[in-house]
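# sequence first, then the predicted structure, then my questions.
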Amino acid sequence: MPFQPVWLLTDLLIYLLIAAFFLALVYALKREHLRAPLRQVRKKPMAMAALMVLLGYLAIGLSDSFHFRSLRGGGERTAPVGRGGEGSIVTDDETGGSSGDLIYSPEVLSLLDLLVGPLRTNVEKSYSAPLAIHAFAKETMEDDHGQKNRIFPRLLYGGNQIKSAEDHASDVYYTGVCGIVQGLITGFLLSVIGIFVMSRVHHDSMSNTMLGVLRGRYDTAWGSIFLTGSLILVVGWMMVSLSSRYHILGTDKVGQDVLYLSLKSVRTGLVIGTLTTLIMLPFAVFLGILAGYCKGKIDEAIQFLYTTLSSVPGVLLVAAAILMLEMYMDTHADAFVTSAERADARLFFLCLILGTTGWIGLCRLLRGETLKLSELEYVQAAVALGVGHGKILLRHILPNVMHIILISAVLDFSGLVLAEAVLSYVGIGVDPAMISWGNMINSARLEMAREPIVWWPLVAAFVSMFGLVLSANIVSDAVRDGFDPRLRSR
């Protein structure tokens, strides 16, 4: 094979979560009491626009979750013992196509690395500003006459197709406009195809279907979906067009493209926010509802548990766990074949620790809400009629606290994405070798005191996190309103 698949632990969990999500969606679509809240969500233009942005982030994260090791050039194989020495490398021509072991590169790549190949490989010497053609710092260089001068040297890859600096602005303008036009054309064609499919489904003409989309006559805010999708395509095509000729977000201290770092950080943010939230939800939901419904000694025991746990500083628990993991990794280095596996293990362990210590706030909320709900008339009537406690919890308590669970889960997701930056700042976050928004901010903070300021790595990480957190909050508000029985009754 030209490549060797690499199955990281977080990759497998991501695939499992996606499969579980689709199974839950199919389950919900088959039941009217779950379809009704989803219809309420689909009618909201802001929610659909935010959902399109979330799908863009998810597409980037998934493309970065297919990892592999490529075959070294020339079809190299390890020669059998007695031909060139044990473990020596020979080519297929020398072995006559013998069945030796293929030699794969130690570097673990992803599908995203293939899609944005030039962004990964076009590395400059050091800092360069967005869309610049010269380095950010002066260097002593010798001209054609042998004189040494302090100048800003030309970049190796950024704008290397331009012969003179006078053509820089016009080339940026022309390249950006070409990308915008390509995005507009692509968005228009996809919108027309979507309207055509809708017209066939609803057995109507395309003109009436288009008017229905513009006036919002359908159960889904298709107008918002088409508009947001077109804007994403316009921005995407413009970035693709400009990034093929420039570093549109500049480069960092070691010359890496900041746009590439921002894209690679999406997966880390999604993994930390999603996996940690899903780890903490079972603890919070089960213990919170159980404490509020059972009361008595069970309630006291659960209160003692989360009160004791909340009295210990969470940062100390995370730091102690990460230090123990690093000690284990150092003593069992053979268990991690590549540096990517080592970094992935630390990422998963960080999610596990944050999840097992971050359920206290939601547990308290659910306990208080369950205490109130258990005293209402319909719950007392169900108890008097002899309904089992399990059915009462599933049919009367859980649906009425679902809006709290949803909004708290998304708020925790947003907080965890932002907390990763803080943990990386104090050195107990993700592995320093892993690209993340926290590591970008941690490296950029040292450059904020220099003159002139290197601002673009910090701004790129901030805007990327802001887009993910804002869109997640908007979608969660719409889902919370749709699943809240009290709001639906109004």
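Yes, it's here.
# neighbours of A472, how many?
Neighbour count for A472, taken as other C-beta atoms under 10 Å: 22. Just so you know, the C-beta spots here come from the backbone N, C-alpha and C atoms, and that holds for glycine as well.
# now R245: phi and psi?
The phi/psi pair for R245 (degrees, to the nearest 10) reads phi -120, psi -20.
# residue contacts, it?
Residues in contact with R245 (C-beta atoms under 8 Å, 6 or more residues apart in numbering) are 158-159, 161, 171, 175.
# ok, the residues you listed vs D330, which is closest?
Minimum distance to D330 across the contacts of R245 is 39.4 Å, recorded for G158 (C-beta to C-beta).
# if you rank the contacts of R245 by neighbours, which is first?
Taking other C-beta under 10 Å as the neighbour criterion, G158 ranks highest of these with 26 neighbours.
# ok but that one is inside a strand, no?
No - per DSSP: H, G, I helix; E, B strand; the rest coil, G158 lies outside any strand segment and is coil.
# so how far is L418 from it?
As judged by C-beta to C-beta, to the nearest Å, G158 and L418 stand 31 Å apart.
# again, but for V234
Computed with C-beta to C-beta, the distance linking V234 and L418 is 28 Å.
# neighbour count for these two, which is higher?
V234 (19 against 16).
# find the nearest non-adjacent residue to the more buried one, please.
Using C-beta to C-beta, 6 or more residues apart in numbering and skipping the chain neighbours, the partner closest in space to V234 is G183 (3.4 Å).
# so what does the one you found have for phi and psi?
phi -70, psi -40.
# ok, it touching G229?
No - applying C-beta atoms under 8 Å as the test, G183 and G229 come out as separate, 10.5 Å apart.
# flag the shaky bits of the stretch 201-350 of the chain, pLDDT-wise.
Judged against pLDDT under 70, the stretch 201-350 of the chain has no low-scoring part.
# neighbours around V463, how many?
Neighbours around V463, by other C-beta under 10 Å: 12.
# domain parsing for the chain?
3-30+64-118, 51-63+257-489, 162-243 (automatic domain parsing).
# with A129 as the reference, name the closest of those.
Between the domains of the chain, domain 51-63+257-489 lies closest to A129; by C-beta to C-beta that is 6.8 Å.
# what's the helix or strand for the closest residue to V53 other than its chain neighbours?
Of all residues not flanking V53 in the chain, S471 sits nearest, at 4.1 Å (C-beta to C-beta, 6+ apart). Following DSSP states H and E, the helix or strand that holds S471 is helix 456-483.
# now I298
helix 296-310.
# and that helix, what does it pack against?
helix 258-294, helix 360-373 (3 or more C-beta pairs under 8 Å, 6 or more residues apart in numbering; DSSP states H and E).
# hmm, V318 is touching L423, no?
Yes - between V318 and L423 there is a contact under C-beta under 8 Å: 6.6 Å.
# what sits against the residue nearest to V234?
G183 makes contact with 230, 233-238 under the criterion C-beta under 8 Å, 6+ apart.
# now list whatever residues contact both of V318 and L423.
The contact sets of V318 and L423 overlap at L350 (C-beta under 8 Å, 6+ apart).
# the helix holding S471: which residues count as buried?
Applying a neighbour-count criterion of 16 or more other C-beta atoms under 10 Å, one finds 456-458, 460-461, 464-465, 467-469, 471-483 buried in helix 456-483.
# ok, now stretch 415-422?
Going by 16+ other C-beta under 10 Å, stretch 415-422 has these buried residues: 415-421.
# mind checking how far that stretch is from the chain centre?
13 Å (C-alpha atoms, centre = their mean, to the nearest Å).
# return the member of the contacts of R245 nearest to V337.
G158 (35.2 Å).
# thought the closest one was touching I133?
Yes - taking C-beta under 8 Å as the definition, G158 is a contact partner of I133 at 5.7 Å.
# what touches both of those two?
Residues touching both G158 and I133 (C-beta under 8 Å, 6+ apart): Y246.
# can you give me the strands for this structure?
In the chain, the strands defined using DSSP state E lie at 3-6, 67-70, 77-78, 89-90, 101-102, 109-110, 139-142, 148-151.
# make CSV out of those and add distance to S436.
Below are the strands of the chain laid out as CSV (distance: least, C-beta to C-beta, whole Å):
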stretch, distance to S436
strand 3-6, 19
strand 67-70, 16
strand 77-78, 36
strand 89-90, 35
strand 101-102, 32
strand 109-110, 15
strand 139-142, 31
strand 148-151, 35
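# could you list which of the buried residues of stretch 415-422 belong to helices?
Of the buried residues of stretch 415-422, the ones assigned to helices by DSSP state H are 415-421.
# format those residues as TSV; extra columns: pLDDT and distance to T209.
Shown next, in TSV, are these (pLDDT from 0 to 100; distance: C-beta to C-beta, whole Å):
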residue	pLDDT	distance to T209
G415	79	42
L416	81	42
V417	78	39
L418	75	42
A419	78	45
E420	78	44
A421	74	45
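# let's have those residues in a markdown table, adding distance to E326.
Listed next are these as a markdown table, based on distance: C-beta to C-beta, whole Å:
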| residue | distance to E326 |
| --- | --- |
| G415 | 25 |
| L416 | 21 |
| V417 | 23 |
| L418 | 24 |
| A419 | 20 |
| E420 | 17 |
| A421 | 20 |
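# R200: which of those residues is nearest?
V417 (40.7 Å).
# pretty sure the closest one sits against G273.
Yes - the pair V417 / G273 is scored as a contact, 4.7 Å apart, by C-beta under 8 Å.
# in stretch 336-354, what counts as buried?
Here stretch 336-354 shows 338, 340-351, 353-354 as buried, counting by 16+ other C-beta under 10 Å.
# what's the burial count for V192?
There are 13 residues near V192, going by other C-beta under 10 Å.
# and the one 3 residues further on, by the same measure?
For I195, the neighbour count with other C-beta under 10 Å is 18.
# residues contacting it?
Applying C-beta under 8 Å, 6+ apart, the residues contacting I195 are 206, 209-210, 213.
# need the buried ones from these selected in ChimeraX.
A single ChimeraX command selects the buried members of the contacts of I195 (16+ other C-beta under 10 Å):
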select :209,210,213
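# include distance to D144 when you put the contacts of I195 into a markdown table, please.
Output for those, formatted as a markdown table (distance: C-beta to C-beta, whole Å):
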| residue | distance to D144 |
| --- | --- |
| M206 | 64 |
| T209 | 66 |
| M210 | 63 |
| V213 | 63 |
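# which of the contacts of I195 lies closest to L54?
V213 (21.5 Å).
# quick check: that closest one vs T186, distance?
Going from V213 to T186 by C-beta to C-beta gives 18 Å.
# now swap in R364 and tell me
49 Å.
# can you pull out the helices in the stretch 301-450 of the chain?
Applying DSSP state H, counting those that start in this stretch to the stretch 301-450 of the chain gives helices spanning 314-331, 339-357, 360-373, 377-384, 389-392, 398-425, 437-444.
# pLDDT score assigned to the residue lying closest to A319 once chain neighbours are set aside?
Leaving aside its sequence neighbours, A319 sits nearest to I428 (C-beta to C-beta, 6+ apart; 4.7 Å). With respect to pLDDT, I428 scores 76.
# same thing with G97?
Model confidence at G97, given as pLDDT, is 43.
# report the mean confidence score over stretch 394-414.
For stretch 394-414, mean pLDDT is 80.
# any residues touching that stretch, and which ones?
273-274, 276-277, 280-281, 284-285, 289, 293, 358, 361-362, 365-366, 369-370, 373-374, 378-379, 382, 469, 472-473, 475-477, 479-481, 483-485, 487.
# filter those residues to the buried ones?
273-274, 276-277, 280-281, 284-285, 289, 293, 358, 361-362, 365-366, 369-370, 373-374, 379, 382, 469, 472-473, 475-477, 479-481, 483-484.
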